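K.L.:
Next one to model:
(chains A, B, C and D)
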There are 2 protein chains.
Amino acid sequence: MIPRAAKTQRRTRIQEEKEEKILEAALDIFSAHGFRGATIDQIAEAAGMSKPNLLYYFRTKEAIHRALLDRMLFTWLEPLRAFDSEGNPETEIRSYIRRKLEMSRDYPRESRLFANEIIQGAQHIEDGLKGPLKELVDEKAEVIRAWIKAGKIAKCDPYHLIFSIWSTTQHYADFDVQVQAVLGDKSGEGRFEDAARFLEELFLRGLGIR
Amino acid sequence: MIPRAAKTQRRTRIQEEKEEKILEAALDIFSAHGFRGATIDQIAEAAGMSKPNLLYYFRTKEAIHRALLDRMLFTWLEPLRAFDSEGNPETEIRSYIRRKLEMSRDYPRESRLFANEIIQGAQHIEDGLKGPLKELVDEKAEVIRAWIKAGKIAKCDPYHLIFSIWSTTQHYADFDVQVQAVLGDKSGEGRFEDAARFLEELFLRGLGIR
DNA sequence: GTAAGCTTTTACCAATCGGTCAAATATCAA
DNA sequence: TTGATATTTGACCGATTGGTAAAAGCTTAC
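P.N.:
Next comes the predicted model:
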């Protein structure tokens, strides 16, 4: 009995499969109830295994949560990482909005997991925010500032610009229930395109690009 | 022993005081942990009374939560209600942004309570969303559409415009930890003014108003 | 002051929580 | 085939959960 990642490496195929299944189930549960609201029993049932079996792969509830958040923060930042300082403002901003919006559409559970964590104080991820996230944002804010200086986009606070792109795009994942309640249940795919067009127009015009 | 709101009206002064104290404490706890993550014991302790004493005023945990949400939804919608169809687009949109931003600054707990509820599926408030909220939004969307037809603002989807104002302004309450992590802990009041200026510029230019 | 009603507390409950343990079972290299 | 190791299970634990019962203490109208 050598549990999770102890001796040599990630060993058996079965270990990898089960861990994946647990994380998949945990994403469902944590994103729907937050950390404290989720229970190991729920996750175990959703993963189709007994609770002790689940705890054989992850020692604690927190360990599952942490594994999920680590993986999350990386993919969450990917669109911003792709933000290219060499590109021109219009295409860069436009595609950043697109990518973030696609993430809301394709990975709403991940977005909600993250939102739950932040809203409830980010106690399990605070270091990740003050470290990698802040550094990356600082770097990209500098790019935006350069564009402003070069007269390529209107003068504005780059940090608040980034915040506003985050919030508007994530809104469609995190507040989906509200969006659906207001718009009605019609138009699934159409909704995405509508939102994309609206946000592109808003930000490009708002930045004086056209 | 005639408990909460049974016979005549809201009776004793003490009843009113205690209920207020409970709701105040519950707002702290629910907004920080979500419904399932919050415990009656926590709320009772924060309210400075024993758990049975608290349950004398609110029969169940859900009753407290519901009371809080009812009160919330009303005040949450107030800025949108103030949105005047007779006013001119620039001042109306500008002051709507201001008001929403002030709410994020002055009532962050209420905003987070609401956000928690929506993200976790809005199971306790769904009727409120599909009823009063949707009606009010539909009404104001019509106003915006009229402005577009009159050529007063650029053509855009009014619903997504409202969503984007909601999300950008509420972001400063709901994701405050993240905002602080990125901006550093400096500048409390300055931050609010910076955000207000940025958002006003973004939306007014984005709507072709200037 | 006193009785009726309002408020608070102590003690308690069954259910659920996160987590452990030892034994049983499945897997796989030799 | 076998023995070593990896996986799974059922039974269980103490702590905490939402909530109750009943009696004691407090207010207040009369």
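K.L.:
burial count for A:Tyr56?
P.N.:
Neighbour count for A:Tyr56, taken as other Cβ atoms under 10 Å in any protein chain shown: 15. Quick note: C-beta positions are derived from backbone N, CA and C, even for glycine.
K.L.:
Check which helices and strands the lengthiest helix in chain A is in contact with.
P.N.:
As assigned by DSSP state H, the longest helix anywhere in chain A is helix A:13-37. Helix A:13-37 sits against helix A:40-47, helix A:51-57, helix A:61-82, helix A:108-119, helix B:13-37, with contacts defined as 3 or more Cβ pairs under 8 Å, 6 or more residues apart in numbering or on different chains; DSSP states H and E.
K.L.:
Can you give me the distance of A:Glu19 to A:Ala25?
P.N.:
Here the criterion is Cβ to Cβ, to the nearest Å. By it, A:Glu19 lies 11 Å from A:Ala25.
K.L.:
what would the helices and strands packed on helix A:13-37 look like in CSV with mean pLDDT and distance to B:Ile93?
P.N.:
Below are the helices and strands packed on helix A:13-37 laid out as CSV (pLDDT from 0 to 100; distance: least, Cβ to Cβ, whole Å):
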stretch, mean pLDDT, distance to B:Ile93
helix A:40-47, 97, 44
helix A:51-57, 97, 51
helix A:61-82, 94, 28
helix A:108-119, 97, 26
helix B:13-37, 93, 28
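K.L.:
and among these, the most buried is which?
P.N.:
helix A:108-119 (a mean of 23; mean count of other Cβ atoms under 10 Å in any protein chain shown).
K.L.:
can that one be found next to chain B?
P.N.:
Yes: contact of helix A:108-119 with chain B (Cβ under 8 Å from any Cβ of the partner chain) involves A:Arg112, A:Ala115, A:Asn116, A:Ile118, A:Ile119.
K.L.:
Let me know the pLDDT of the closest residue to the second one other than its chain neighbours.
P.N.:
Of all residues beyond its chain neighbours, the one nearest A:Ala115 is A:Asp174 (4.5 Å), with distances taken as Cβ to Cβ, 6 or more residues apart in numbering or on different chains. On pLDDT, A:Asp174 comes in at 98.
K.L.:
I figured A:Asp174 hits A:Glu117, correct?
P.N.:
No: contact criterion Cβ atoms under 8 Å: A:Asp174 and A:Glu117 do not qualify, at 11.6 Å.
K.L.:
tell me the domain ranges of chain A?
P.N.:
As given by automatic domain parsing, the domain ranges for chain A are A:13-59, A:69-206.
K.L.:
contacts for the longest helix of chain A?
P.N.:
Contacts to helix A:13-37, defined as Cβ atoms under 8 Å, 6 or more residues apart in numbering or on different chains, come from residues A:4, A:10, A:38-39, A:42-44, A:46-49, A:54, A:57-58, A:61, A:64-65, A:67-68, A:71, A:108-110, A:112-113, A:116-117, A:120, A:124, B:33-38, B:116, B:120-121.
K.L.:
filter those residues down to the ones close to DNA strand D.
P.N.:
For DNA strand D, the contacts drawn from the contacts of helix A:13-37 by Cβ under 7 Å from any atom of the strand are A:Met49, B:Ala38.
K.L.:
distance of A:Gln170 from A:Arg105?
P.N.:
Separation of A:Gln170 from A:Arg105 (Cβ to Cβ): 11 Å.
K.L.:
Have a look at these two and say which one is more surrounded.
P.N.:
A direct count of neighbours by other Cβ under 10 Å for A:Gln170 and A:Arg105 places A:Gln170 higher, at 23 against 19.
K.L.:
Let me see the contact set for the more buried one.
P.N.:
Taking Cβ under 8 Å, 6+ apart as the test, what A:Gln170 contacts is A:Lys100, A:Ser104, A:Ser111, A:Ala115, B:Ser167.
K.L.:
what do you get for A:Thr169?
P.N.:
By Cβ under 8 Å, 6+ apart, the residues touching A:Thr169 are A:Ile97, A:Lys100, A:Leu101, A:Met103, A:Ser104, A:Leu199.
K.L.:
pretty sure the first one contacts A:Phe198?
P.N.:
What it means is A:Ile97. No: the criterion here is Cβ under 8 Å, and A:Ile97 misses it with A:Phe198 at 10.1 Å.
K.L.:
Verify the stated contact: A:Cys156 with B:Glu201.
P.N.:
Yes: proximity of A:Cys156 to B:Glu201 meets the contact threshold set by Cβ under 8 Å, at 6.3 Å.
K.L.:
ok, stretch A:81-95 near chain B or not?
P.N.:
No: using Cβ under 8 Å from any Cβ, stretch A:81-95 never reaches chain B; the gap is at least 12.1 Å.
K.L.:
From the chain's centroid, how far away is stretch A:174-189?
P.N.:
19 Å (Cα atoms, centre = their mean, to the nearest Å).
K.L.:
Only the buried residues of that stretch, if you could.
P.N.:
A:Asp174, A:Phe175, A:Asp176, A:Val177, A:Gln178, A:Val179, A:Gln180, A:Ala181, A:Val182, A:Leu183 (16 or more other Cβ atoms under 10 Å in any protein chain shown).
K.L.:
Narrow those to those in helices?
P.N.:
Those of the buried residues of stretch A:174-189 lying in helices (DSSP H): A:Asp174, A:Asp176, A:Val177, A:Gln178, A:Val179, A:Gln180, A:Ala181, A:Val182, A:Leu183.
K.L.:
Roughly how far does the fifth one sit from B:Ile162?
P.N.:
If I follow you right, that is A:Val179. From A:Val179 across to B:Ile162, the span is 10 Å (Cβ to Cβ).
K.L.:
likewise A:Ile153?
P.N.:
Noted for A:Ile153: a distance of 25 Å to B:Ile162, by Cβ to Cβ.
K.L.:
What of A:Ile148?
P.N.:
Distance, A:Ile148 to B:Ile162, using Cβ to Cβ: 28 Å.
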